[in-house]
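Peer 1: Starting from these lines, generate the structure:
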Amino acid sequence: MFSSRLHWDLRPNRLAQALGALRRLGAEVLDLSESNPTRAGLSYPDEVILRALREPRSLDYEPTPAGLPAARGAVTDYYAARGLIVEPASILLTASTSESYGWLFKLLADAGDEVLVPRPSYPLFEFLAQMELVRVVQYPLTYHDGWRIDLNALERAAGERTRAIVLVNPNNPTGSFVKQRELERLVELCARRGLALISDEVFSDYRLTADPAREVSLTRIDEVLTFCLSGLSKIAGLPQMKLGWIVIGGPSALRAEAKERLELIADTYLSVGTPVQHGLPQLLAAGESVRQQITARVSENLAVLRDLVNDDSPAQILKVEGGWYATLRVPRTKTEEQWCLDLLEQDKVLVQPGFFYDFESEAYLVLSLLTPARSFREGVMRLIRRL
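Peer 2: Numbers count the residues shown, from 1 in each chain. Next up is the predicted model:
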């Protein structure tokens with residue numbers, strides 16, 4: 001009696017079962033997978049955030065499909081502070097990046113159509129696409145002293161029913177940015193094949209290296225229909241506020257038609273809360289201090305990781321350019337799952353296996369650089385001893 005959209009196996013995997021058993025026993029586990037900034041020991045400007053939600057105008061319901069003008073103006077200011085010109089008219093507010101994907105799949109694809117997504121990457125696309133009856137086709141990222149898009153494989157993956165190419169910039173968990181030459185070829189392919197580009201830029205503020213060849217944002221692209229996604233969850237460390245946005249770019253006629261159709265979708269749901277829209281300028285300002293703490297935490301933990309995982313270590317740190325995660329290549333003497341289970345059950349350290357992110361081969365472990373510093377150092381030391 002239920003929809004075929006919900007066909008996934010919902011049983012907990014072995015790692016989740018082992019973690020649940022330890023927590024029921026009251027064991028203290030060093031969680032090196034923590035990605036929730038509100039639980040990472042950061043200092044939040046509580047009063048400023050709460051005051052931003054006390055705006056009396058929030059008591060008046062003003063349904064505006066694209067989002068309140070003042071809120072979209074705050075997003076414009078966010079980009080202007082980064083040297084990017086984004087007009088308020090090109091912005092559409094959503095409740096989250098996940099909702100943004102859902103609306104874009106509705107906009108661009110019919111049932112059975114395809115979107116290209118990177119592999120490895122965050123394991124959410126298949127769920128979001130299936131909810132819209134859209135098929136995910138993966139294109140590979142390859143590693144040779146740094147991550148690159150396999151552009152030839154991507155072009156081969158683009159079929160007759162492909163409607164869009166999804167970029168995660170920087171990628172989660174590889175931390176790799178799209179490079180200018182890669183983008184040039186992607187734009188050419190999209191123009192030739194009539195495809196849209198969707199650029200997930202939620203981690204773009206967290207750059208760990210300097211590289212003039214990378215593209216931090218696709219908001220400047222005007223040759224093809226482009227959608228850039230971001231929101232409060234990552235850039236301000238405020239996932240509980242539930243506000244994201246889509247920046248629409250591309251040729252003027254296509255951009256206008258996409259905006260009109262997206263507003264129709266948004267008007268159907270009207271999911272973005274009024275208080276968070278009125279409070280957005282203050283929330284973005286308050287998020288600056290949180291973002292600075294996250295940047296410092298991530299940089300510190302990455303330095304610790306590089307210090308502990310040295311040339312004599314059996315593990316290798318894959319090059320990371322941005323974001324909140326680091327990936328270790330570990331010996332293939334065990335499966336990723338077994339490495340993770342041994343670390344959890346014997347060392348009380350929780351890390352994620354590479355197959356959670358669709359790494360194509362073994363054996364990789366993914367660590368969150370957002371973890372509190374003392375826990376991160378101790379957890380990595382236990383991991384190295386286990387290796």
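
Peer 1: List the contacts of stretch 198-209.
Peer 2: Counting by Cβ atoms under 8 Å, 6 or more residues apart in numbering, stretch 198-209 makes contact with 97, 101, 104, 115, 164-170, 172, 175, 177-178, 216-218, 226-231, 233-235, 291, 294-295, 298-299, 302, 320-324, all of which sit outside it. (Glycine included, C-beta is placed from N, CA and C.)

Peer 1: buried residues in that stretch?
Peer 2: Applying a neighbour-count criterion of 16 or more other Cβ atoms under 10 Å, one finds I198, S199, D200, E201, V202, F203, S204, D205, Y206, R207, L208 buried in stretch 198-209.

Peer 1: And for stretch 181-200?
Peer 2: Buried, per 16+ other Cβ under 10 Å, within stretch 181-200: E182, L183, L186, V187, L189, C190, L195, A196, L197, I198, S199, D200.

Peer 1: so after the helix or strand encompassing the fourth one, what's the next helix or strand?
Peer 2: It stands for V187. Using DSSP states H and E, V187 sits in helix 180-193. Going down the chain from helix 180-193, the next helix or strand is strand 196-200, by DSSP H and E.

Peer 1: Okay, angle between that following strand and helix 180-193 too, please.
Peer 2: Going by axes from the mean of the first three to the mean of the last three Cα atoms, to 10 degrees, strand 196-200 is angled at 140 degrees with respect to helix 180-193.

Peer 1: Quick check: which helices or strands does the longest strand seen in the chain pack against?
Peer 2: Counting residues, the longest strand found in the chain (DSSP state E) is strand 135-143. Under the contact criterion of 3 or more Cβ pairs under 8 Å, 6 or more residues apart in numbering; DSSP states H and E, strand 135-143 touches strand 114-119, helix 125-131, strand 147-149, helix 151-157.

Peer 1: ok, and which of the ones you listed has the densest surroundings?
Peer 2: strand 114-119 (a mean of 23; mean count of other Cβ atoms under 10 Å).

Peer 1: neighbouring strands for it, and are they parallel or not?
Peer 2: With DSSP bridges as the test, strand 114-119 is paired with strand 135-143 (parallel), strand 162-168 (parallel).

Peer 1: The longest one: which residues count as buried?
Peer 2: When neighbours are counted by 16+ other Cβ under 10 Å, the buried residues of strand 135-143 are found to be R135, V136, V137, Q138, Y139, P140, L141, Y143.

Peer 1: Nearest to A266, out of the residues you listed: which one, please.
Peer 2: Nearest to A266 among those: V136, at 23.8 Å, using Cβ to Cβ.

Peer 1: need the contact list for the closest one.
Peer 2: Listed by Cβ under 8 Å, 6+ apart, the contact set of V136 reads E114, V115, V117, F125, E126, A129, Q130.

Peer 1: what mean pLDDT does the longest strand of the chain have?
Peer 2: Strand 135-143 carries an average pLDDT of 98.

Peer 1: One more: stretch 146-159?
Peer 2: Across stretch 146-159, pLDDT averages out at 98.

Peer 1: do stretch 98-117 as well
Peer 2: Rounded mean pLDDT across stretch 98-117 is 98.

Peer 1: which residues touch it?
Peer 2: 94, 124-125, 128-129, 131-139, 154, 157-159, 161-166, 196, 198, 227, 229, 231, 244-246, 258, 261-262, 265-266, 269, 271.

Peer 1: One more: stretch 48-59?
Peer 2: Under the contact criterion Cβ under 8 Å, 6+ apart, stretch 48-59 has outside partners L238, T274, P275, V276, H278, G279, L280, Q282, L283, A285, A286.
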